[in-house]
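Asker: below is the structure, and that's it, no one-letter string:
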């Protein structure tokens, strides 16, 4: 669980805000992959970019993607790298 006030998560908020032009709201997100293990081993936060919607049918036979959201996700990622470099530093 990444704390809401973590500097890296705040970078995600700023990057998504720039890409989407809206206030960003939080949801709890997770997965079945090794993200938590990587967080523990590397000592860095897990950051998810919420760029899909429940009706996309994740991992279902009829899974789909909204192209406009996918492109906004790419834009968010571009903003995120710059924001992380500028604002987040490990000790």
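Answerer: Sure, I can see it. As the structure is a computational prediction, the values presented were derived from the model and not from experiment.
Asker: contacts for the top helix by length along the chain?
Answerer: Identified as the longest helix of the chain according to DSSP state H is helix 67-87. Helix 67-87 has contacts (C-beta atoms under 8 Å, 6 or more residues apart in numbering) with 7-8, 10-12, 14-16, 18-20, 47, 49, 51-53. Every C-beta, even on glycine, is put in place using the N, C-alpha and C of the backbone.
Asker: just how off-centre is it within its chain?
Answerer: 9 Å (C-alpha atoms, centre = their mean, to the nearest Å).
Asker: repeat for stretch 52-59
Answerer: 16 Å.
Asker: can you check stretch 13-29 too?
Answerer: 9 Å.
Asker: buried sites along it?
Answerer: Across stretch 13-29, burial judged by 16 or more other C-beta atoms under 10 Å covers 13-16, 19.
Asker: residue 38: neighbour count?
Answerer: 12 (other C-beta atoms under 10 Å).
Asker: do the one 5 residues further on as well
Answerer: For residue 43, the count of nearby residues is 9 (other C-beta under 10 Å).
Asker: mind checking how far it is from residue 59?
Answerer: For residue 43, the distance to residue 59 equals 29 Å [C-beta to C-beta, to the nearest Å].
Asker: got the angle between the one helix or strand residue 10 maps to and helix 67-87?
Answerer: According to DSSP states H and E, residue 10 maps onto helix 7-20. Orientation check (axes from the mean of the first three to the mean of the last three C-alpha atoms, to 10 degrees): helix 7-20 against helix 67-87 gives 140 degrees.
Asker: touching helix 7-20 from outside, list them.
Answerer: By C-beta under 8 Å, 6+ apart, the list of residues contacting helix 7-20 reads 2-3, 23-24, 44-45, 47, 49, 72-73, 75-77, 79-80, 83-84, 87-88.
Asker: nice, that's everything, thank you.
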